[in-house]
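Trainee: Sequence and predicted structure, then a few things I'm wondering about:
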Amino acid sequence: MTMLHIDLKYINMISHRWERFKRKDDYLFNFRCPICGDSSTKKNKARGYIYKKKNDMFFKCHNCDAGKTFGGLLKETDPMLHKQYIMERYQSGVTGPRANKTPEFEFTKPTFEHKHDDKLIDSLMDRVDKLDPNHMAVQYVKSRKIPEDKWKRLYHIDDISKISQLAPKYRDRIKTTEPRLVIPFFDKIGKMTGLTLRDYGNSTLRYIMVKIVEDSPTVFGLDLISNDTPVRIVEGPLDSLFLDNCLAAAGSSFNKIKELGLEDPIVIVDNEPRNEQICKILHNNIKEGHKVVIWPDIKQKDINDMVLANLDVEELISSNTFQNLEAELKFTNWRKC
């Protein structure tokens with residue numbers, strides 16, 4: 001039995017001791033942090049994660065910032081079970097002439113790559129919430145009515161060619177040196193996987209997508225969502241900032257919602273009934289049985305446009321969410337708009 005299989009075996013054995021424990025992926029587990037207890041007022045909060053790194057499992061809490069090996073967390077939770085775990089790992093991992101030696105167990109606190117990402121990001125660009133009120137980035141997010149508490153998710157870069165320091169393969173692809181709004185993408189444990197560069201209104205190419213981890217989904221907001229309430233999925237990252245518990249799935253990621261392991265998602269496409277690609281995405285998700293939003297007869301194209309028009313977006317979503325046969329009928333009528 002490999003070390004990884006032993007870790008998974010003991011995660012399964014101890015999981016009943018951790019509140020709101022859920023398996024979110026093959027090697028990703030989420031539960032209320034047993035160290036800090038997560039939120040004392042919001043019992044649905046679960047910000048503790050066990051995840052795979054190379055051939056071992058590690059623990060990270062996004063509330064108290066605790067980080068350690070799975071073995072370290074197991075020791076805090078159940079010292080007796082931890083001794084059994086240590087011996088089983090030792091017996092599985094040591095053979096031949098070393099078998100009679102006394103095992104030495106050295107646990108090193110893991111280095112979380114997103115901490116490095118944060119430092120590198122900060123060296124290349126500026127967080128919007130820390131900029132001068134007259135800065136072009138601040139003026140832009142204000143003009144779009146993006147909630148001020150979400151500005152910390154956005155950055156400004158004064159020369160987009162610097163992005164090659166994060167992703168060297170883009171050194172010959174990005175020729176311009178223009179300034180842009182930067183929207184970083186993180187995975188479920190907070191590691192940066194890519195980013196979108198949004199122009200401030202002067203370029204013919206509004207968005208440039210930069211992938212740092214090639215096989216990662218182009219989904220914004222994975223590090224923030226909770227499966228305890230329905231997850232909404234929109235197309236644009238900026239649109240997602242107006243809604244609670246919301247992802248932005250750019251392009252083909254809309255067709256891979258099942259791979260995200262979401263429970264009862266609500267799919268929200270742009271209000272463009274004449275756009276064949278959008279219609280295809282919407283209809284595919286209706287056939288998959290997902291809840292979808294079919295917009296009423298309004299002229300605004302996306303959520304940001306609706307906010308700018310002072311429409312009640314939450315009410316529009318709530319009153320226009322459909323599923324199965326009802327969604328099929330509404331979709332047919334919407335396409336005629």
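Mentor: Cool, the structure landed.
Trainee: Nearest spatial neighbour of E328, chain-adjacent residues omitted?
Mentor: I286 (5.9 Å; CB to CB, 6 or more residues apart in numbering). Yep, even glycine has a C-beta here, placed from its N, CA and C like the rest.
Trainee: Roughly how far does that neighbour sit from R198?
Mentor: In this view, I286 and R198 are 30 Å apart by CB to CB, to the nearest Å.
Trainee: any idea which helix or strand carries C279?
Mentor: helix 276-287 (DSSP states H and E).
Trainee: Which helix or strand lies directly C-terminal to that helix?
Mentor: strand 291-293.
Trainee: Each with direction, which strands does that following strand pair with?
Mentor: According to DSSP bridges, strand 291-293 forms sheet pairs with strand 266-267 (parallel), strand 321-322 (antiparallel).
Trainee: Now for the residue nearest to the spatial centre of the chain: which residues touch it?
Mentor: Central residue of the chain (CA atoms, centre = their mean): L222, 1.2 Å from the mean position. When contacts are counted by CB atoms under 8 Å, 6 or more residues apart in numbering, L222 touches F185, F186, D187, K188, L247, L260.
Trainee: top of these by neighbour count?
Mentor: F185 (26 neighbours; other CB atoms under 10 Å).
Trainee: That residue and L243, how far apart?
Mentor: F185 is 17 Å from L243, where distance means CB to CB.
Trainee: Report pLDDT for the residue nearest to the centre of the chain.
Mentor: Here, the pLDDT recorded for L222 equals 88.
Trainee: what do you get for P296?
Mentor: On the pLDDT scale, P296 is placed at 95.
Trainee: leaving aside the residues next to it on the chain, what's closest to it?
Mentor: N320 (5.9 Å).
Trainee: My guess is the one you found contacts V292. True?
Mentor: No: if you go by CB atoms under 8 Å, N320 and V292 don't touch, sitting 9.2 Å apart.
Trainee: Have a look at the two and say which one is more surrounded.
Mentor: A count of neighbours by other CB under 10 Å puts V292 above the other of N320 and V292, at 25 against 16.
Trainee: Is the closest residue to that one other than its chain neighbours bridged to anything, and to what?
Mentor: Nearest residue to V292, sequence neighbours excluded (CB to CB, 6+ apart): V267, at 4.7 Å. Note on V267: beta-bridge partners by DSSP bridges are I233, V292.
Trainee: for the stretch 201-337 of the chain, what spans make up the helices?
Mentor: 237-240, 276-287, 303-308, 313-319, 324-334 (DSSP state H, counting those that start in this stretch).
Trainee: thinking again about what came up before, name the helices or strands packed onto the helix holding C279?
Mentor: With contacts taken as 3 or more CB pairs under 8 Å, 6 or more residues apart in numbering; DSSP states H and E, helix 276-287 sits against strand 266-267, strand 291-293, helix 324-334.
Trainee: Now mean pLDDT and distance to P230 too, for those, in a markdown table please.
Mentor: Listed next are the helices and strands packed on helix 276-287 as a markdown table, based on pLDDT from 0 to 100; distance: least, CB to CB, whole Å:
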| stretch | mean pLDDT | distance to P230 |
| --- | --- | --- |
| strand 266-267 | 94 | 5 |
| strand 291-293 | 96 | 8 |
| helix 324-334 | 95 | 15 |
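Trainee: To M87, which of the ones you listed lies closest?
Mentor: Nearest to M87 among the helices and strands packed on helix 276-287 is strand 266-267 (47.6 Å), distances taken as CB to CB.
Trainee: what's the offset of that closest one from the middle of its chain?
Mentor: 16 Å (CA atoms, centre = their mean, to the nearest Å).
Trainee: cool, stretch 200-212 as well?
Mentor: 21 Å.
Trainee: Just the CA atoms of that stretch, as CSV, please.
Mentor: Extracted C-alpha coordinates of stretch 200-212, given in CSV (Å, rounded to 0.1, in the frame of the first residue of the first chain):
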residue,chain,number,x,y,z
TYR,A,200,-9.9,49.8,-19.9
GLY,A,201,-11.8,50.5,-23.0
ASN,A,202,-9.3,51.5,-25.7
SER,A,203,-8.3,48.1,-27.2
THR,A,204,-10.1,46.0,-29.8
LEU,A,205,-9.1,42.9,-27.8
ARG,A,206,-11.0,43.4,-24.5
TYR,A,207,-9.9,40.2,-22.8
ILE,A,208,-6.6,38.3,-22.8
MET,A,209,-6.7,34.9,-21.0
VAL,A,210,-3.4,33.8,-19.5
LYS,A,211,-3.1,30.1,-18.3
ILE,A,212,-0.4,29.4,-15.8
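Trainee: Need the winner for burial among the strands paired with strand 291-293.
Mentor: Ranked by mean neighbour count, those are led by strand 266-267 with a mean of 23 (mean count of other CB atoms under 10 Å).
Trainee: List the contacts of it.
Mentor: 230-233, 254, 257, 281-282, 285, 290-293, 317, 321.
Trainee: Out of those, which is nearest to E76?
Mentor: V231 (30.8 Å).
Trainee: how much space between the closest one and K291?
Mentor: V231 is 10 Å from K291, by CB to CB.
Trainee: Rank the helices and strands of the protein by mean pLDDT and give me the bottom one.
Mentor: In the chain, no helix or strand scores lower on mean pLDDT, DSSP states H and E than helix 113-124, which sits at a mean of 61.
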